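Colleague: Here is my input, please return the structure:
(2 chains)
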Protein chains: 2
Amino acid sequence: MTLSPAQQARRDIRDGRHTGHSRGLALGYVQCNLVILPRAQAFDFMLYCQRNPRACPLLEVTDPGDPEPKRLAPGADLRTDLARYAVYRAGRREADVTDLLGLWRDDFTAFLIGSGITFDQALERAGVPTDRDRWVLRSTLPTEPAGAFRGPMVVTMRFLTPQQAIIATQVSARFPFNHGAPIHIGDPAAIGADLAAPLFGPPVDGVPPDRIAVFWACGVTPQAAAEAAGIDLMIAHAPAHSFITDLLADHFCQP
Amino acid sequence: MTLSPAQQARRDIRDGRHTGHSRGLALGYVQCNLVILPRAQAFDFMLYCQRNPRACPLLEVTDPGDPEPKRLAPGADLRTDLARYAVYRAGRREADVTDLLGLWRDDFTAFLIGSGITFDQALERAGVPTDRDRWVLRSTLPTEPAGAFRGPMVVTMRFLTPQQAIIATQVSARFPFNHGAPIHIGDPAAIGADLAAPLFGPPVDGVPPDRIAVFWACGVTPQAAAEAAGIDLMIAHAPAHSFITDLLADHFCQP
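Modeller: So this is what the prediction gives:
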C-alpha cells in the first residue's frame, strides 16, 4: 500500500526517523496543535477554545482514553505520532518527551487545534517564503478566560516585505479554521510581543528596515494558559512539532 | 440614550411590539440561533457543534443559569428577547412559547449559533434579494453524532437566478462562522430536501425553470437532533425567530 505524504511523515516520526519540527513536512496537509487534558477539565477547555477561536480553532476532540483521531487521521496514534511533547504539571513545563506511551491515561481527552503551518504551501505558491524569519512568541494580548484557563495569547511572527505581507494576509484569510488572517501587523511592542524570549525560533535581532512584522494567533496559546493558570496536568505538542493530519489544506478552507 | 437598531429590535421583541420572525430586523447585525440545555448535556452538545461546524457554528456559550449573553449582547436576556421559542420534551415539540420566564432553570446553559440571516444585508448589497423564495427544510444528510445528539441536517433553501447563485456563493463564503458557503446547489433530491413539509416558509411549488436551488446548512439542525434522538428537554428559537446580537456582520467575517 502506498502511503500518502502525511501518512509517511507520521510513520517516520513514530519510528524515530524524523525527530525535528514539522514545518515543511508533508507540505499541503492540515497540521494541528495538540492539547491533552483529563476528562474533568475537558468542558472548561472546550469553552476556552470557543471563546478564543482565533488562537484555538478546534478541529477534533477525541473520546476519553482514545488516542486515535478518527476524523482527521484514522489509524494515527497521538501518543507516538508527534516528534516532541511538552508536559506541564502545576503550571511548570517539565522535560520534553518523545512519546506518551508511559504517560497516557484512560481519562485523557485530546484536542486538535488548527495550525498556521497549514497554509505554508499556499503561501509558498503565492511567492511568500515560509522557511525563515519566523518565531513563536508570547504577547500581552489577553485571552478570554473559561474555568481555570486564562493567560496571554501566543503569536507567530514572520518578517515579510510589504508586498508579501499583503499577499500573506489574503492567503491566510482563506484558512479561518487554521488561525486565518493576521491579528496584528507592524510594531511588535503594540501587542507586547516578547522578542527577548522566543518560544520557538532563533534570537530576534529586531525588524529589518525593509520588512514588516506580521503576527498570527498561535495554537501554542493553551500552553501559556497552563503556565499562567497553573493547570494541574496538561500535555501538548512542543512548539512547531505539530500533528500532521490526512486532510489536504486546500480542501479545508471551510470545514 | 439612543438605542442601536439591534438594541431597539430586542426591546421591541421583549415588550411584545414585534412578534413575527427576525428576517429583515436590524439588517446588518449578526443573528443567532438558540439552543438551551441543562448543564448535564452541555459537553455532549458542544462536541456535537464542534463535529458539525457548518450547521452549528458556536458563537457564545453562557454560564449555567445566566440568561445574559455577555459577549454578543451585554444587557440582553435570552428568556425574553426572542419572539418565539420551540420547546422539545422527549423529542416532541410542544406548543411554542413567547418567553421563558416560567421555564428557566438554574442549570440551563444557552448556546448561540451563527445564522445565515446574518449575511442578508451583504446579499442585498450585492443584488441578491432575501425577502422571498426561501425555506427551512429537513434533508437526509447525516450529522456526526456526539453523545445522544444525532440526526439529519436541516438546510435553508433559496431559489436564485444562476448569476445570483454565483454571487451568493461568494458573498456567503465570507461569513464562515454563520454557515458560510452553500453545502449544495441544484437538485433538492440529491440531499433529500423535504419539499413536502417545510419547517419554515410557504408550500414549495418546485424549482422554477429559470432558477437554481441553493442550500446552506441551517442552525435549526439541533432541533432535528432533539426530535431524532428524543432529547429529554431542549429549548430553541422557533425557526426564523432568531436572536439579534450587537455585532455588526461586516465586522465578523472572522471572529
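
Colleague: Would you pull up how far the lengthiest helix in chain A lies from the middle of the chain?
Modeller: Counting residues, the longest helix found in chain A (DSSP state H) is helix A:162-173. Computed by CA atoms, centre = their mean, to the nearest Å, the chain-centroid distance of helix A:162-173 equals 20 Å.

Colleague: Output the contacting helices and strands for it.
Modeller: If you count contacts as 3 or more CB pairs under 8 Å, 6 or more residues apart in numbering or on different chains; DSSP states H and E, helix A:162-173 packs onto helix A:120-125, strand A:212-217. In short, each C-beta sits where N, CA and C put it, glycine included.

Colleague: That helix: what's the following helix or strand?
Modeller: Counting by DSSP states H and E, the next helix or strand C-terminal to helix A:162-173 is strand A:184-185.

Colleague: so for that following strand, what's the average pLDDT?
Modeller: Here strand A:184-185 scores 95 as its mean pLDDT.

Colleague: Okay, now the sheet partners of that strand, with direction.
Modeller: strand A:212-217 (antiparallel) (DSSP bridges).

Colleague: Restricting to C-alpha, output the strand it pairs with in PDB.
Modeller: These are the backbone C-alpha positions of strand A:212-217, laid out as PDB (Å, rounded to 0.1, in the frame of the first residue of the first chain):
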ATOM      1  CA  ILE A 212       7.100  44.400   8.300                       C
ATOM      2  CA  ALA A 213       6.400  42.100  11.200                       C
ATOM      3  CA  VAL A 214       3.200  40.200  10.700                       C
ATOM      4  CA  PHE A 215       1.500  38.300  13.600                       C
ATOM      5  CA  TRP A 216      -0.900  35.400  13.700                       C
ATOM      6  CA  ALA A 217      -2.700  33.900  16.700                       C
END
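
Colleague: could you check the angle helix A:162-173 makes with it?
Modeller: Angle, strand A:212-217 to helix A:162-173, by axes from the mean of the first three to the mean of the last three CA atoms, to 10 degrees: 10 degrees.

Colleague: which other residues reach strand A:212-217?
Modeller: If you take CB atoms under 8 Å, 6 or more residues apart in numbering or on different chains as the criterion, strand A:212-217 is touched by A:52, A:54-55, A:116, A:139, A:153-162, A:165, A:168-169, A:172, A:179-180, A:182-188, A:191, A:193, A:207.

Colleague: Lowest mean pLDDT across the helices and strands packed on helix A:162-173, which one is that?
Modeller: Minimum mean pLDDT among these: helix A:120-125, a mean of 92.

Colleague: Which of the three states applies to the residue nearest to residue A:7 when sequence neighbours are not counted?
Modeller: Counting by CB to CB, 6 or more residues apart in numbering or on different chains, residue A:7 lies nearest to residue A:246, which is 7.2 Å off, once chain neighbours are set aside. Recorded secondary structure, residue A:246: strand (DSSP: H, G, I helix; E, B strand; the rest coil).

Colleague: Of the helices and strands packed on helix A:162-173, flag the one that's most buried.
Modeller: strand A:212-217 (a mean of 24; mean count of other CB atoms under 10 Å in any protein chain shown).

Colleague: related to what we said a few turns ago, in ChimeraX, select just the buried ones from the contacts of strand A:212-217.
Modeller: With 16 or more other CB atoms under 10 Å in any protein chain shown as the criterion, this ChimeraX line picks the buried residues out of those:
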select /A:52,54,55,116,139,153,154,155,156,157,158,159,160,165,168,169,172,179,180,182,183,184,185,188,191,193,207
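
Colleague: Hmm, residue A:33 is touching residue A:236, no?
Modeller: Yes. Residue A:33 is within contact range of residue A:236, at 7.3 Å (criterion: CB atoms under 8 Å).

Colleague: Name the residues contacting each of those two.
Modeller: In contact with both residue A:33 and residue A:236: A:220, A:222, using CB under 8 Å, 6+ apart.

Colleague: More neighbours: which of those two?
Modeller: residue A:33 (31 against 24; other CB atoms under 10 Å in any protein chain shown).

Colleague: Quick one: end-to-end distance for stretch A:100-117.
Modeller: One end of stretch A:100-117 sits 23 Å from the other (CA to CA, to the nearest Å).

Colleague: For residue A:124, which non-adjacent residue is closest in space?
Modeller: Leaving aside its chain neighbours, residue A:124 sits nearest to residue A:130 (5.8 Å; criterion: CB to CB, 6+ apart).

Colleague: for the stretch 151-255 of chain A, which spans come out with low pLDDT?
Modeller: For the stretch 151-255 of chain A, the stretches flagged by pLDDT under 70 are A:253-255.

Colleague: how far away is residue A:22 from residue A:224?
Modeller: In this view, residue A:22 and residue A:224 are 20 Å apart by CB to CB, to the nearest Å.

Colleague: And chain A, what are its domain boundaries?
Modeller: A:5-118+A:226-251, A:126-221 (automatic domain parsing).

Colleague: Format those domains as CSV; extra columns: distance to residue B:8.
Modeller: Output for the domains of chain A, formatted as CSV (distance: least, CB to CB, whole Å):
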stretch, distance to residue B:8
domain A:5-118+A:226-251, 28
domain A:126-221, 28
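
Colleague: Relative to residue B:230, which of these is closest?
Modeller: For residue B:230, the closest of the domains of chain A is domain A:5-118+A:226-251, at 21.8 Å, according to CB to CB.

Colleague: quick one: contacts for residue A:127?
Modeller: Per CB under 8 Å, 6+ apart, neighbours of residue A:127: A:164, A:167.

Colleague: For chain A, what lies in contact range of chain B?
Modeller: Within chain A, the positions adjacent to chain B are A:42-43, A:46-47, A:50-51, A:53-54, A:58, A:60-61, A:71, A:144, A:173, A:176-177, A:180-181, A:254-255 by CB under 8 Å from any CB of the partner chain.

Colleague: So which of these belong to strands?
Modeller: Counting by DSSP state E, the part of the residues of chain A next to chain B found in strands is A:58, A:60, A:61.
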